[in-house]
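Q: sequence and computational prediction follow.
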Amino acid sequence: MTTEYTPPKVWTWNKHSASTASNASSLNRPISGATHDKILPVGRHPLQLYSLGTPNGQKVTILLEELLARGHTGAEYDAWLIRIGEGDQFGSGFVDINPNSKIPALMDRSGATPIRVFESGAILLYLAEKFGDFLPADPAQRAECLSWLFWQMGSGPYVGGGFGHFYAYATVKIEYAIDRFTMETKRQLDVLDRRLADNAFLAGDTYTIADMAVFPWYGGLVKGWIYDAAEFLAAHEYRHVLRWADTLLARPAVQRGRIVNRVRGPLSEQLPERHDASDFDKVAKA
């Protein structure tokens, strides 16, 4: 690697440019579409989720578990594991649901015509509207909720694809890139900390899908679950974010949702697939 790089007039992709980025991105390509034929399994519940227990995947499973805890029996779901490190997201069945080949992806088979939903924020909004819960009816609170939901969708790539990539995954540590994305990540944490200084939750005094979207990423940062970067980011400075994260983590549905489709960490925090509520009992006994 050289310290200076002059971009060519026209960029071209090659295996070298992919492999030197990081192991995590070695399957990425500058084109879309399926690389192989693979039919996705279908379980017995109306909602079929195809995902992985990353922060984006956790958003949806947390909401589904919260809906079930509120008594919405129609929110029962099968959660199938998509191993993105092995290229499952490029199988033909998955691409049919999400042409962008990213988890999570949802099929709602409760009606006469199955409905596909992709992008985690879209899935949260779809389910909240479908079941009439965790999305405020009051126009002002609803606007606040949706503003924070879309704030996360727009800001998250700086944390994942920016800070996380260069700090944790890139095979070459580039000071400029790490400084650039660390500054932005800390700025975002400060935005949250100021909001939560005077509000129990992001939309005000009501727990909503905005909290479920933000928690796996930013709660994970301050609690040290993501990139093992809490010390590096001086997470103790964001005491209101920490208070909020602890509040959410105390919720049983959040605890359940965090481990669905997880294949890393302690075995007691892994439930690779979820097809019934009793599956959580198996994890407890593991």
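A: Cool, got the structure.

Q: can you count the residues close to F280?
A: For F280, the count of nearby residues is 16 (other CB atoms under 10 Å). Just so you know, the C-beta spots here come from the backbone N, C-alpha and C atoms, and that holds for glycine as well.

Q: after the helix or strand of the chain with the lowest mean pLDDT, next one along is what?
A: Across the helices and strands of the chain, mean confidence by mean pLDDT, DSSP states H and E is lowest for helix 15-19: a mean of 55. The C-terminal neighbour of helix 15-19 among helices and strands, as given by DSSP states H and E, is strand 47-51.

Q: which helix or strand lies directly C-terminal to that following strand?
A: In N-to-C order, the element after strand 47-51 by DSSP H and E is helix 55-69.

Q: CA atoms only: put that following helix into PDB for me.
A: The C-alpha trace of helix 55-69 is given here as PDB (Å, rounded to 0.1, in the frame of the first residue of the first chain):
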ATOM      1  CA  PRO A  55     -27.800  -4.500  14.200                       C
ATOM      2  CA  ASN A  56     -30.000  -4.100  11.200                       C
ATOM      3  CA  GLY A  57     -31.500  -7.600  11.700                       C
ATOM      4  CA  GLN A  58     -32.100  -7.000  15.400                       C
ATOM      5  CA  LYS A  59     -34.300  -4.000  14.700                       C
ATOM      6  CA  VAL A  60     -37.000  -6.200  13.200                       C
ATOM      7  CA  THR A  61     -36.800  -9.100  15.600                       C
ATOM      8  CA  ILE A  62     -37.000  -6.700  18.500                       C
ATOM      9  CA  LEU A  63     -40.200  -5.200  17.100                       C
ATOM     10  CA  LEU A  64     -41.700  -8.700  16.300                       C
ATOM     11  CA  GLU A  65     -41.000  -9.800  19.900                       C
ATOM     12  CA  GLU A  66     -42.500  -6.600  21.300                       C
ATOM     13  CA  LEU A  67     -45.600  -7.000  19.200                       C
ATOM     14  CA  LEU A  68     -46.000 -10.600  20.400                       C
ATOM     15  CA  ALA A  69     -45.500  -9.400  24.000                       C
END
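
Q: centre of the chain to it, how far?
A: 10 Å (CA atoms, centre = their mean, to the nearest Å).

Q: against which helices or strands is the helix or strand just after that helix packed?
A: Using DSSP H and E, the helix or strand that follows helix 55-69 towards the C-terminus is strand 77-81. Strand 77-81 sits against strand 47-51, with contacts defined as 3 or more CB pairs under 8 Å, 6 or more residues apart in numbering; DSSP states H and E.

Q: and L27, what does it touch?
A: 84-85, 87, 90 (CB atoms under 8 Å, 6 or more residues apart in numbering).

Q: what does T61 give?
A: 49, 51, 53, 79, 256-258, 260-261, 274.

Q: how about E231?
A: Neighbour list for E231: G224 [criterion: CB under 8 Å, 6+ apart].

Q: could I get the buried residue list for stretch 69-84?
A: Under the neighbour-count criterion of 16 or more other CB atoms under 10 Å, stretch 69-84 has 72, 75-82, 84 buried.

Q: returning to that earlier point: for ChimeraX, write a command that selects the buried ones of the contacts of L27.
A: Applying 16+ other CB under 10 Å to those, the buried members can be selected in ChimeraX as follows:
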select :84,87,90
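
Q: if we can go back for a sec, pLDDT for the buried residues of stretch 69-84 - can I get that in JSON lines?
A: Listed next are the buried residues of stretch 69-84 as JSON lines, based on pLDDT from 0 to 100:
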{"residue": "H72", "pLDDT": "98"}
{"residue": "A75", "pLDDT": "98"}
{"residue": "E76", "pLDDT": "98"}
{"residue": "Y77", "pLDDT": "98"}
{"residue": "D78", "pLDDT": "98"}
{"residue": "A79", "pLDDT": "98"}
{"residue": "W80", "pLDDT": "98"}
{"residue": "L81", "pLDDT": "98"}
{"residue": "I82", "pLDDT": "98"}
{"residue": "I84", "pLDDT": "95"}
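
Q: this completes my enquiry, with thanks.
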